[in-house]
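Novice: sequence first, then the predicted structure, then my questions.
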Amino acid sequence: QQPLFFQTILDFYRDFFQIPPGAVPDVTNVKKSYDFVVIGAGSGGSVVVNRLTENSNWSVLLIEAGREEILLTDVPLLSSYILGTDYNWGYKVEPQDEACLSMNDGRCSWPRGKSMGGTSVINYMVYTRGFKPDYDHWASLGNPGWSYEDVFKYFMKSEQITVPYIKKSKYHGRGGFLNVERPMWRTPLARAFLEMGKELNYPSGDTDGLTPTGFSYVLTNTKDGARQSASKAFLRPIRNRVNMHVTKRSTVTKILINPTTKIAYGVEFVKNNKKYVVRAKKEVILSAGALNSPQLLMLSGIGPKEHLQSMGIPVIQDLKVGHNLQDHVSMAGLAFLVNDTVSIVEQRYRHPRYFFDYWVNGDGPYTLPGGAEGVAFVSTKYNENRLHPDMELVFGPGAFTGDTGGSLRACFNMNESFYQSVYKPFEGKDAFNVVPVLLRPKSRGFVRLRSKNPFHWPLLYPNYYKDKRDLRAMVEGIKMAVTVGTGKSFKKWNSRLNPMRFPGCEHLVFGSDSYWACCAQHLTTNLHHQVGTCKMGPSTDPDAVVDPRLRVYGIEKLRVVDASIMPVIPASHTNAVVVMIGEKAADLIKEEWEGR
Ligand SMILES: Cc1cc2nc3c(=O)[nH]c(=O)nc-3n(C[C@H](O)[C@H](O)[C@H](O)COP(=O)(O)OP(=O)(O)OC[C@H]3O[C@@H](n4cnc5c(N)ncnc54)[C@H](O)[C@@H]3O)c2cc1C
């Protein structure tokens, strides 16, 4: 009910402030053609549009299905509330038989941003970049130009670091559009988390520098404590460029491709129930994200032949679109109870004092990104390369026991009886969470069309834990999280694990490997880092959809620039990685078209 209430507040607010200050205007007269047509104003699309419109001779149309973000979407701690609104496409995966078992109908939620700024408007804002082996691996798969050395300069180019003590680090950029800072406000638990790192002989500091593993406070894509979405970072500052047109609440239904020449020449989109056709003189750039980019390609005749034929879609190019889906599965269900008021319990933070802190000073608990305060990159016993962590522990100073308003469990689609059994007995009590995240999963899922109707949800199959090595590694991650959460540094608050057993796992010995495996399969959560569905690879790779310059195989003038091109998921949160992809893609496009 609370998320619904929140939606009502949003609607009310939007009626009053139809064009938020600083927003890019919605174009009233869409022209018949542009040099470039970009689909999706998310993390990838926003960057590409910014960089392409640097060339004042080029005209660019950006088409976004969602609307403008507002002041309320800026508040970092309210992320779970935003997820319950129309800023989220609201996808759920198809019922899983080996995962998501405690979610309604066995379906995990897969939120995706539907807004100027895309998923960066609903994400948790944690800034990480991955590790050298991530990108060297991409390059070794036959993708020249994507090694760590190659991509590092683009991470630097996009970044504007403002944390005083790492400002001078040669691993952080200054002068980029994307602000990176560290929340000023912290619970005392956060320091204990870092101390636990030392207890366990891990270094602490900045995990985006040289140190491959270690415990640190989070870096965030925020500015003065407020969310900095990709649109705020890359589009609003250039809103006066006359060669950029943006059309909002406009849903692309098809990419237009000549079936004989196989040249993409424009797109079809719908706005206010009216159909528009717009031409691209140079290129169509698809940045609709890892779920909608494959959907649009398939709707336009590019995808697995048999699947398209079964949908009655004429096949223009037979490619493995929608395959190779990867995500960072996690288990966010641990709750470490503490005997002091040191954690985030929702009702405590409704006090006006905290709102004041946020709105006036850009400080206080509302600046915490989705409630995360620390991250640790660690290795399980299965990891063969210690320079390339296979597990992340995300420290959150709250837990499901503090979710008194229900927004958190709603965003995971957790079933109510599960909540009642495991968390209700401690509802409103102080607790924190350490969330193990599987960084280098072996399982692969896929995306399919539900129908030919572009307004129907795609079918999403994550296949979490299909590869049993993933489950074994997750069990190790959970045990590490328990070691950290019940460790020495937290003892001053008498930290102890919630003793309630997960329904469906009661027959197993509490704390045994098989118990934790069962828990992971029941309370399957994820970091919403879906990637890989339009895989980048060499022409010899039968699964590749785009080449290393991000051009769709077999089709001219069509490129994909978003999370879907990643061949392998990096050991990182994905927003900064997509921004890097956008920066690099823009240079590739400029190389090809400038001077022609
Ligand atoms: C809840 C949540 C928390 C996350 N937390 C973090 C985090 O803390 N740190 C981090 O690094 N990453 C995080 N991520 C992941 C990260 O935000 C995404 O990987 C990244 O934003 C994806 O960028 P993208 O450009 O690929 O897609 P998106 O940003 O999703 O952009 C796609 C855009 O295309 C639009 N679109 C789609 N279809 C159409 C169409 N047919 N017509 C017109 N427009 C269309 C969409 O509305 C959207 O605006 C999180 C994600 C979620 C969901």
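Specialist: Perfect, thanks for sending it.
Novice: what about the strands in the stretch 101-250 of the chain?
Specialist: Counting by DSSP state E, counting those that start in this stretch, the stretch 101-250 of the chain has strands at residues 109-110, 159-161, 178-180, 214-217, 222-223, 226-227, 244-247, 250-257.
Novice: count the residues that sit near Pro21.
Specialist: Neighbour count for Pro21, taken as other Cβ atoms under 10 Å: 7. For glycine as for every other residue, the C-beta is placed from the backbone atoms N, C-alpha and C.
Novice: what's the answer for Asp327, then?
Specialist: One way to gauge burial is a neighbour count; for Asp327, by other Cβ under 10 Å, it gives 27.
Novice: and the ligand, which of the strands of the stretch 101-250 of the chain is closest to it?
Specialist: Judged by Cβ to the nearest ligand atom, the one of the strands of the stretch 101-250 of the chain that comes nearest to the ligand is strand 250-257, at 3.7 Å.
Novice: returning to what we had before: take the strands of the stretch 101-250 of the chain and write them to CSV, including mean pLDDT, mean neighbour count and distance to Lys535.
Specialist: Below are the strands of the stretch 101-250 of the chain laid out as CSV (pLDDT from 0 to 100; neighbours: other Cβ atoms under 10 Å; distance: least, Cβ to Cβ, whole Å):
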stretch, mean pLDDT, mean neighbour count, distance to Lys535
strand 109-110, 98, 21, 19
strand 159-161, 95, 23, 27
strand 178-180, 97, 24, 26
strand 214-217, 92, 23, 31
strand 222-223, 94, 21, 32
strand 226-227, 94, 24, 30
strand 244-247, 98, 22, 29
strand 250-257, 98, 21, 18
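Novice: adding distance to Met196, write those out as a markdown table.
Specialist: Rendered in a markdown table, the data for the strands of the stretch 101-250 of the chain read as follows (distance: least, Cβ to Cβ, whole Å):
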| stretch | distance to Met196 |
| --- | --- |
| strand 109-110 | 30 |
| strand 159-161 | 26 |
| strand 178-180 | 25 |
| strand 214-217 | 7 |
| strand 222-223 | 25 |
| strand 226-227 | 28 |
| strand 244-247 | 46 |
| strand 250-257 | 47 |
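Novice: where in the stretch 401-550 of the chain is pLDDT low?
Specialist: Low-confidence regions of the stretch 401-550 of the chain, defined by pLDDT under 70, are absent; no residue qualifies.
Novice: what sits against whichever residue of it sits closest to the ligand?
Specialist: When you check the stretch 401-550 of the chain against the ligand by Cβ to the nearest ligand atom, the closest residue turns out to be His528, at 3.2 Å. Residues touching His528, when contacts are defined by Cβ atoms under 8 Å, 6 or more residues apart in numbering, comprise 110-112, 119, 123, 327.
Novice: for the strands of the stretch 101-250 of the chain, which one sits closest to Asn385?
Specialist: Each of the strands of the stretch 101-250 of the chain has some distance to Asn385 by Cβ to Cβ; the shortest is strand 214-217, at 15.8 Å.
Novice: ok and the residue in this protein nearest the ligand?
Specialist: Checking the chain residue by residue against the ligand with Cβ to the nearest ligand atom singles out Gly42 as nearest, at 1.8 Å.
Novice: state the distance from that residue to Leu523.
Specialist: Noted for Gly42: a distance of 28 Å to Leu523, by Cβ to Cβ, to the nearest Å.
Novice: more neighbours: which of those two?
Specialist: A count of neighbours by other Cβ under 10 Å puts Gly42 above the other of Gly42 and Leu523, at 33 against 26.
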